[in-house]
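Undergrad: With the sequence up front, the predicted model follows.
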Number of protein chains: 2
Amino acid sequence: MSDVKAQAGTEDIARYADMFAAIATEPRLRILRLLLSAHPDGLVAGEIQAELDIPASTLSHHLEKLRHEGLVTVRREGTFLRYAAGTETLRTLLGFLYAECCTRSGAVDPKEIAWVGRAPNRR
Amino acid sequence: MSDVKAQAGTEDIARYADMFAAIATEPRLRILRLLLSAHPDGLVAGEIQAELDIPASTLSHHLEKLRHEGLVTVRREGTFLRYAAGTETLRTLLGFLYAECCTRSGAVDPKEIAWVGRAPNRR
DNA sequence: TCCATATTTCTACAATATTCGAAATAGATC
DNA sequence: GATCTATTTCGAATATTGTAGAAATATGGA
């Protein structure tokens, strides 16, 4: 075992599938995006509810699903619960996709990814 | 409108969620990984079936879902149908995740991604 | 035309997920 | 302790998805 990240084992695949499932519905992807916008502070549940206009119980259900996969983290602040993007898991998930598409198969050229959202041909 | 990729519009989110849903089950993620391994040639449906041991009708159903989201492409070869990874869509999806996590929010450090699957501190 | 093979479409069922109102819990303050 | 607010848990209805056998379609060749 070296320091190099090993290829995803057959049983890890189910786990990655579950992570993708956590962001595979519009409400949850919106929630995650909102929390990323508010990174690193995150938002209190009520703020998410107000912003996205989701019933409290429905929101709680979605947050639980995201939390279960590590895509968000929670921290109590008195009466409030503050949610934030789970950066560690996001890095893992992004790394998996990158490894599969770029490193392992060469199907996607890394150069075509890094500049998304930025002006090309600078620096 | 510049050449810079615009931020995902509110209605695009549902589409990205659908793309994630396409790779959010173990069988389909396995199928995509297998096709990436065989990139750029891809594989004939029967080869996928034999490799993953999935009933033909079930496999066909999954391939249709992947194809619908552009994650795989098909091309007829006589009696066979050859499936390949949909590199364009994969790049888009990877770019979306990268933009959200790295560019737009800074939640994930790009340096922590690029080396996944490679030996660090080389070159 | 008839046959063989590859794959899809049809159909049905079981399992899982989404939604949300109502009730329960947790913490702060008086 | 009473009460207020924030949030979760419960319960149940509805919708969606995954699975796979059987039948249908498509292609190539005898």
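TA: Structure's in. What do you need? Numbering: from 1, shown residues only, chains lettered A, B, ... in the order given.
Undergrad: these two touch, right, A:L93 and A:A17?
TA: No: under the criterion of Cβ atoms under 8 Å, A:L93 is not in contact with A:A17, lying 11.0 Å apart. Where C-beta positions appear, they are placed from N, C-alpha and C, glycine not excepted.
Undergrad: Please say which of these two ends up with more neighbours.
TA: Per other Cβ atoms under 10 Å in any protein chain shown, whichever of A:L93 and A:A17 has more neighbours is A:L93, with 24 against 18.
Undergrad: Now do the same contact list for A:L43.
TA: A:L43 sits next to A:L34, A:L35, A:E51, A:R82, A:Y83, A:A84 when contact means Cβ atoms under 8 Å, 6 or more residues apart in numbering or on different chains.
Undergrad: how many neighbours does the residue in chain A that DNA strand D sits nearest to have?
TA: Distances between chain A and DNA strand D by Cβ to the nearest atom of the strand are smallest at A:G46, namely 2.5 Å. If you count neighbours by other Cβ under 10 Å, A:G46 ends up with 13.
Undergrad: Go ahead and confirm it touches A:F80.
TA: Yes: counting by Cβ under 8 Å, A:G46 touches A:F80, with 7.1 Å between them.
Undergrad: near DNA strand C, which residues of chain A?
TA: A:21, A:24-25, A:27-28, A:54-58, A:61-62, A:65, A:76, A:78-79 (Cβ under 7 Å from any atom of the strand).
Undergrad: Please check these and keep the buried ones.
TA: Taking 16 or more other Cβ atoms under 10 Å in any protein chain shown as the criterion, what is buried in the residues of chain A next to DNA strand C is A:A21, A:A24, A:T25, A:P27, A:R28, A:I54, A:H62, A:K65.
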